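*Asks:* What follows is a protein structure lacking sequence information:
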């Protein structure tokens with residue numbers, strides 16, 4: 001499944017399984033514009049992300065992480081992204097040296113002409129971060145290179161407020177477990193309201209993911225969230241982008 005190739009002075013394995021991407025829009029409910037598209041890994045025959053991720057191990061993790069970045073950028077450059085940003089998930093435990101591991105990304109952006117200032121790197125809070133100082137160093141380097149940064153699935157994983165105390169990303173993505181039925185759940189509203197207050201104090205843009213109902217979108221908008229992502233607006237588009245998501249009236 002893999003073959004050996006040197007990278008950055010280390011011996012890594014090339015991720016040999018072919019895969020592609022689906023793209024899900026992130027919308028601004030105030031303006032009705034598409035703010036970004038998130039790249040989501042898929043099998044070439046439409047298999048879900050889990051099917052691919054089950055085949056990632058310690059031996060090919062670095063190669064997979066690098067391949068995902070390149071694939072996302074290449075596809076985004078070939079699709080009608082217009083002025084939308086590209087959000088790419090990365091695996092922090094796959095990055096051994098940020099300034100070295102970002103070279104392939106920079107080369108792909110230069111080769112395809114995709115602007116680096118429209119690329120967002122998001123780390124899922126669900127992946128156990130073995131070294132938070134290392135993750136902070138990755139974020140700092142990516143910001144120095146001109147990329148935007150985001151913490152995904154906030155409220156559902158390992159890092160939480162401890163990570164925010166070390167590094168403040170540009171974007172904080174509220175996990176769907178916090179947004180689900182928020183219009184009917186005062187506890188969730190209270191928790192999200194507190195997180196949004198922190199975002200305001202720290203200059204972080206909040207983004208609600210997993211939004212599926214108009215009620216949820218209205219409640220989040222009323223709390224001050226403008227950026228949203230979820231099936232209410234559009235499902236992930238396989239090897240393509242949706243530039244006309246559903247934009248329900250939230251008045």
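*Replies:* Here it is on my side, so go on. A quick note: this is a predicted structure, and the numbers were derived from the prediction, not measured. Residues are numbered from 1 along each chain as shown.
*Asks:* the bottom helix or strand of this structure by mean pLDDT?
*Replies:* When the helices and strands of the chain are compared on mean pLDDT, DSSP states H and E, strand 2-7 comes out lowest with a mean of 36.
*Asks:* Tell me the pLDDT of the nearest residue to residue 86 once chain neighbours are set aside.
*Replies:* Nearest residue to residue 86 in three dimensions, chain neighbours excluded: residue 76, at 4.6 Å (CB to CB, 6 or more residues apart in numbering). (C-beta placed from N, C-alpha, C; glycine too.) Residue 76 carries a pLDDT value of 98.
*Asks:* Contacts only, for residue 76.
*Replies:* Contact partners of residue 76, counting by CB atoms under 8 Å, 6 or more residues apart in numbering, are 23, 37, 39, 86, 112, 114.
*Asks:* and the gap between the first one and residue 206?
*Replies:* Think residue 23. As judged by CB to CB, to the nearest Å, residue 23 and residue 206 stand 21 Å apart.
*Asks:* now swap in the last one and tell me
*Replies:* Counting by CB to CB, the gap between residue 114 and residue 206 amounts to 26 Å.
*Asks:* So for these two, which residue has more residues nearby?
*Replies:* residue 206 (22 against 19; other CB atoms under 10 Å).
*Asks:* can you count the residues close to the spatially closest residue to the more buried one that is not a sequence neighbour?
*Replies:* Closest residue in space to residue 206, ignoring its immediate chain neighbours: residue 199 at 4.7 Å, by CB to CB, 6+ apart. Using other CB under 10 Å, residue 199 is surrounded by 21 other residues.
*Asks:* in the stretch 101-250 of the chain, which spans are strands?
*Replies:* For the stretch 101-250 of the chain, the strands defined by DSSP state E, counting those that start in this stretch cover 119-124, 148-154, 171-174, 205-208, 227-228, 237-238.
*Asks:* how about those strands, which one is nearest residue 45?
*Replies:* Nearest to residue 45, of all these, is strand 237-238, at 9.9 Å by CB to CB.
*Asks:* what's the spacing between stretch 229-242 and its chain's center?
*Replies:* 14 Å (CA atoms, centre = their mean, to the nearest Å).
*Asks:* make that stretch 73-80, sorry
*Replies:* Taking CA atoms, centre = their mean, the mean C-alpha location of stretch 73-80 is offset from the chain mean by 16 Å.
*Asks:* Check stretch 226-244 too.
*Replies:* With CA atoms, centre = their mean, you get 13 Å for stretch 226-244.
*Asks:* Now do the same for residue 100: helix, strand or coil?
*Replies:* With DSSP: H, G, I helix; E, B strand; the rest coil as the basis, residue 100 sits in helix.
*Asks:* What's the separation between it and residue 206?
*Replies:* Remark: distance between residue 100 and residue 206 (CB to CB) = 32 Å.
*Asks:* for residue 42, same thing?
*Replies:* Distance of residue 42 to residue 206, computed by CB to CB: 27 Å.
*Asks:* ditto for residue 221
*Replies:* Here the criterion is CB to CB. By it, residue 221 lies 11 Å from residue 206.
*Asks:* same question, residue 51
*Replies:* For residue 51, the distance to residue 206 equals 31 Å [CB to CB].
*Asks:* How about residue 188?
*Replies:* 14 Å.
*Asks:* residues in contact with residue 149?
*Replies:* Counting by CB under 8 Å, 6+ apart, residue 149 has contacts 120-122, 139, 142-143, 167, 169-171.
*Asks:* from those residues, which has minimum pLDDT?
*Replies:* The pLDDT minimum for the contacts of residue 149 sits at residue 167, where the score is 86.
*Asks:* Number of residues surrounding it?
*Replies:* 18.
*Asks:* Now the phi/psi pair for it, please.
*Replies:* Residue 167 has phi and psi values of phi -150, psi 140 when expressed as degrees, to the nearest 10.
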